[in-house]
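Novice: okay, here's the prediction I keep looking at, along with the sequence it came from:
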Amino acid sequence: MGRWWSGSVGYEIYPRSFADANDDGYGDLEGLRLRLPYLEWLGVDAIWLAPFYSSPGFDHGYDVSHYCEVNPIHGDLDDFDRLVADAHDRGLRVVVDIVPNHSSSHHRWFQQARESRDSPYRDYYIWKDPARDGGPPNNWVSHFGGPAWTLDEASGQYWCHLFLPEQPDLNWTNPAVREEFDGILRFWCDRGADGFRIDVAHGLMKDPEFRDNPQRVPITDPENPAEVFGAYDHLHDLDQDATTDIYRRWNRVIEPYDAILIGETNPRTIDRVARYVEGDGLHTIFYLEPVWMSWKPVELLDKLEAMNRASDTGVSWVIDNHDASRSATLFGGGVDGQHRSLAMMTFMCALGGFPFLWEGQELGLHDAQLETTNLEDPISTRNEHGIGRDVTRTVMPWDTTHANGFSATAEPWLVAPDRPLEETVAGQKGDPDSWLNKHRELLSVRKSLPDLWQGKPQWFAAPRGNARALRRGDTIAVANLGQAAMEFELPPGSWEVRYDSRGTATGDRLAGPATVAAEATYLLSLR
Ligand code: BGC
């Protein structure tokens, strides 16, 4: 018997943008609970909630000021309990986010750490003396722009922050920090959480000597945080060998609860991924490259295959999340982008592991069009040329009432034009050919074919390039991401197309050389 997530598909929810029951413009846990029937109907098995904890909101919740409290804009602990109980009654698991790399600068640990060098909390964070010239102690840069160090004038030392200065990095060499987090994990498991999505899971340990990162390429636009961050080899600030020890410890903490640990990891190379999920550490890791890539089918398929070969059960596959442009936009926009997004998702449903959808992906949504004056993401608001993440974070379009049914009368926290009927749940639910129903059908077909996740993966030697095929037990997944139809030689037997992301071949019986439509993925089973 596999663990509960074997064969499951998850759904990421950004609580701020999902559903606003108390009509204050911020989504809340009660609003989300009221929408559970939709998620049950869609056929997902688990929901992952982005942070809903107390937070001043500099990074919209990824700056946590109390790890065991609910931010009042999202509700309270009773709302959480009700949500979990209702979800469990419907057979849905609840995975919560945990943010261990950094806290908020408003957390009492940091406030006390700043008060004096002798505070017992000082060593909860990473402090360093200035370099000889008085500048930051090394050349590390923040993901969100500028150096990864800010000077605390009072003590004359710098604190480390791989994100905003308001997100000081915790010191994971300190046993007290490890104990605090053991308690936080138990707290949420005791309240019924079924697992954790671990934010920046690869970031916790740092190089003991805090050496400079080597620079790989020159920087052309110092105002573009993504370019600056990408210009370095992150040898010393991320993905340190000792980080996986922390997850072995966490695994022991959560084991009695049958909970899952899903790491948001971005290891330097694919062969480093297995270290996180082998043995008794994390159960799966999010593989994020497809979330940021534009439409480059050959490269995408090469990476997917390499990743599946590195770990068949340890990957949470995603093409969309709250940190990037929507896949339908990134993959070329228009209807083509929507078809490509579904073709990719379909193939990911055959790659083992625990795939996730992101809210609105099932509607085939493109990025929202936002006025620059309405941007909220610190990547945009604190940098001249920052390409922010707001485009994917606008409210979930339920229907065509006020604010697409997100709130009754309040203006949503992130102001954007309403979406038309055809982009809403209400507009798509009754149409069997809608993106919504195509995604729903995909989840149902995956569930009906356990070989798709349990069968031993056997990659076919051909096709290559922008097409790939994989057999697992009595199922085959063929992705043809090229622009022309392709012929694929099926193994002996009669094969039924159980799902076709284009929708034209479903139900066909095929044998021998079979034609696979352009930019489509077929899931077939042996009759
Ligand atoms: C989260 C982001 C967040 C960052 C800092 C990420 O990986 O997904 O949304 O801004 O961590 O916590």
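Specialist: Nice, thanks for sending it over. Numbers count the residues shown, from 1 in each chain.
Novice: around the ligand, which positions in the protein sit nearby?
Specialist: Contact residues, the chain versus the ligand (Cβ under 6 Å from any ligand atom): Asp59, Tyr62, Val99, Phe163, Asp199, Val200, Glu264, His322, Asp323. (Each C-beta comes from the backbone N, C-alpha and C, glycine too.)
Novice: between these, which is closest to Ala21?
Specialist: Checking the residues of the chain next to the ligand against Ala21 by Cβ to Cβ gives His322 as the nearest, at 20.5 Å.
Novice: contact partners for the residue nearest to that closest one when sequence neighbours are not counted?
Specialist: Closest residue to His322 apart from its sequence neighbours, by Cβ to Cβ, 6 or more residues apart in numbering: Tyr14 at 4.9 Å. Neighbour list for Tyr14: Gly27, Ala50, His322, Glu359, Arg393 [criterion: Cβ atoms under 8 Å, 6 or more residues apart in numbering].
Novice: which two from the residues you listed end up farthest apart in space?
Specialist: Gly27 and His322 (12.3 Å).
Novice: in terms of neighbours, single out the busier of the two.
Specialist: Gly27 (29 against 18; other Cβ atoms under 10 Å).
Novice: now do the same for that one: helix, strand or coil?
Specialist: coil (DSSP: H, G, I helix; E, B strand; the rest coil).
Novice: could you measure from it over to the ligand?
Specialist: Relative to the ligand, Gly27 is positioned 16 Å away (Cβ to the nearest ligand atom, to the nearest Å).
Novice: what's the local residue count around the residue lying closest to Arg114 once chain neighbours are set aside?
Specialist: The spatially closest residue to Arg114, leaving aside those adjacent along the chain, is Asp152, at 6.1 Å (Cβ to Cβ, 6+ apart). Counted with other Cβ under 10 Å, the neighbours of Asp152 add up to 15.
Novice: from what I can see Asp152 touches Cys160, true?
Specialist: No: using Cβ atoms under 8 Å, Asp152 makes no contact with Cys160, being 11.2 Å away.
Novice: shared neighbours, those two?
Specialist: By Cβ under 8 Å, 6+ apart, Asp152 and Cys160 have these common neighbours: Trp127.
Novice: residue nearest the centroid of this structure?
Specialist: Among the residues of the chain, the one closest to the centroid is Asn321, at 4.8 Å (Cα atoms, centre = their mean).
Novice: wait, it sits on Ile13?
Specialist: No: contact criterion Cβ under 8 Å: Asn321 and Ile13 do not qualify, at 11.0 Å.
Novice: for Gly25, what are its contacts?
Specialist: For Gly25, the contacting residues are Ser407, Ala410, Glu411, Pro412, Trp413, by Cβ under 8 Å, 6+ apart.
Novice: ok, so of these, who is nearest Thr284?
Specialist: The closest of the contacts of Gly25 to Thr284 turns out to be Trp413 (Cβ to Cβ; 30.6 Å).
Novice: wait, Leu442 sits on Phe347?
Specialist: No: at 10.7 Å, Leu442 and Phe347 do not qualify as touching, with contact defined as Cβ under 8 Å.
Novice: OK, contacts around the closest residue to the ligand within the chain?
Specialist: Going by Cβ to the nearest ligand atom, the ligand is nearest to Tyr62 of the chain, at 3.3 Å. Applying Cβ under 8 Å, 6+ apart to Tyr62 gives the contacts Ala50, Pro51, Ser55, Val99, Phe163, Gln167, Asp199.
Novice: look up how far Tyr11 lies from the closest residue to the residue nearest to the centre of the chain other than its chain neighbours.
Specialist: Nearest non-adjacent residue to Asn321, counting by Cβ to Cβ, 6+ apart: Trp358, 5.1 Å away. Distance of Trp358 to Tyr11, given as Cβ to Cβ, to the nearest Å: 8 Å.
Novice: who has more neighbours, these two?
Specialist: When Trp358 and Tyr11 are compared for neighbours, Trp358 comes out ahead with 24 against 21, by other Cβ under 10 Å.
Novice: mind listing what's buried along stretch 504-517?
Specialist: Within stretch 504-517, the residues that count as buried by 16 or more other Cβ atoms under 10 Å are Ala505, Thr506, Leu510, Ala514, Val516, Ala517.
Novice: same question, stretch 2-20
Specialist: Within stretch 2-20, the residues that qualify as buried by neighbour count (16+ other Cβ under 10 Å) are 4-5, 7-20.
Novice: now the two most distant members of those.
Specialist: Farthest apart among the buried residues of stretch 2-20 by Cβ to Cβ are Gly7 and Asp20. That separation is 32.8 Å.
Novice: part of a strand, is Gly2?
Specialist: No: counting by three-state DSSP, Gly2 falls outside a strand, being coil.
Novice: if I look at it, how far off is Ala231?
Specialist: Taking Cβ to Cβ as the measure, Gly2 falls 42 Å from Ala231.
Novice: same thing with Ala467?
Specialist: Applying Cβ to Cβ, the value for Ala467 to Ala231 is 34 Å.
Novice: so which of the two has more stuff around it?
Specialist: Neighbour count, other Cβ under 10 Å: between Ala467 and Ala231, Ala467 has more, with 21 against 17.
Novice: check contacts around the more buried one.
Specialist: Leu301, Val478, Ala479, Asn480, Leu481, Gly482, Met486, Phe488, Val516.
Novice: hang on, the third one in a strand?
Specialist: Which is Ala479. Yes: per three-state DSSP, Ala479 lies within a strand segment.
Novice: contacts only, for it.
Specialist: The neighbours of Ala479, taking Cβ under 8 Å, 6+ apart as the test, are Leu301, Ala343, Met344, Thr346, Phe347, Ala467, Arg468, Ala469, Ala520, Thr521.
Novice: partner residues bridging it?
Specialist: Beta-bridge partners of Ala479, counted by DSSP bridges, are Arg468, Thr521.
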